[in-house]
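Asks: Got a sequence here, can you build the structure:
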Amino acid sequence: MRVLTSIENLSFRLQRQLTRFKRDTGGMAAIEFVFIVPLMLVIFFGTIELSNGVAADRKVTITARTLSDLVSQNTNVTNQQMTNFFTMGTAIMTPYSGTPMTLRVSAVNINGSGQATIAWSDGQGIAARTVGSTVTVPSGLIVNNTQLIWSEIAYTYTPAVGYVMKTAVTLTDVCYTRPRQSTTVTRSAT
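Replies: Residues are numbered from 1 along each chain as shown. Predicted structure coming up:
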């Protein structure tokens, strides 16, 4: 009989401890904090990396448009002007580093049958296109016997934090512009 009483007593104490444990919420916040903080950090750093990546991509687009626009405003482009245009393209990327960026600008002549060929080309960090080579231009831009100024930009974006995005991403953009001051933009050394 004494054994039965001690089992009842143990059972009663166990129930009392479980009830007390169920009512005790002192450590609940710490446990919730442990579960939620990693998720919050991933969201926080992911938002930072995503917004920086979108900002860098926007700067790549602006650089492509600016480079094409600057060249299209001339009738003849010299070496010094091209150097200045590439310098401006790099400066647009501020506050991002301009070193992982390649820039290329080409004049594309479209003949009477709608075939597009390279008239001249210059590149920074990338080889210029071969003069006379055939290229593909979007069909909506093909107007016979005209010229297009084609800028191509590639930028390697490396996340600052690297918490969510571990590897670099290459951002690219192109822009086509028609010459503004004349029917063609020529290229000379001086």
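Asks: Not counting stretch 54-70 itself, show me its contacts.
Replies: 85-86, 88-89, 92-93, 96, 101, 103, 105, 149-153, 155, 157, 171-177 (Cβ atoms under 8 Å, 6 or more residues apart in numbering). All C-beta spots, glycine's among them, are computed from the backbone N, C-alpha and C.
Asks: Just give me the residue right at the centre of this structure.
Replies: The centre of the chain sits closest to Asp57, judged by Cα atoms, centre = their mean, with a distance of 3.5 Å.
Asks: State the three-state secondary structure for it.
Replies: Using DSSP: H, G, I helix; E, B strand; the rest coil, the structure places Asp57 in helix.
Asks: residue boundaries of the strands in this protein?
Replies: Residue ranges of the strands in the chain, as given by DSSP state E, are 76-77, 101-110, 116-124, 134-135, 146-157, 169-177, 186-187.
Asks: possible to save those strands as a markdown table with mean neighbour count, distance to Ile48 and mean pLDDT?
Replies: Formatted as a markdown table, these follow (neighbours: other Cβ atoms under 10 Å; distance: least, Cβ to Cβ, whole Å; pLDDT from 0 to 100):
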| stretch | mean neighbour count | distance to Ile48 | mean pLDDT |
| --- | --- | --- | --- |
| strand 76-77 | 18 | 40 | 94 |
| strand 101-110 | 22 | 22 | 95 |
| strand 116-124 | 19 | 30 | 95 |
| strand 134-135 | 12 | 39 | 94 |
| strand 146-157 | 22 | 13 | 95 |
| strand 169-177 | 17 | 15 | 94 |
| strand 186-187 | 17 | 42 | 92 |
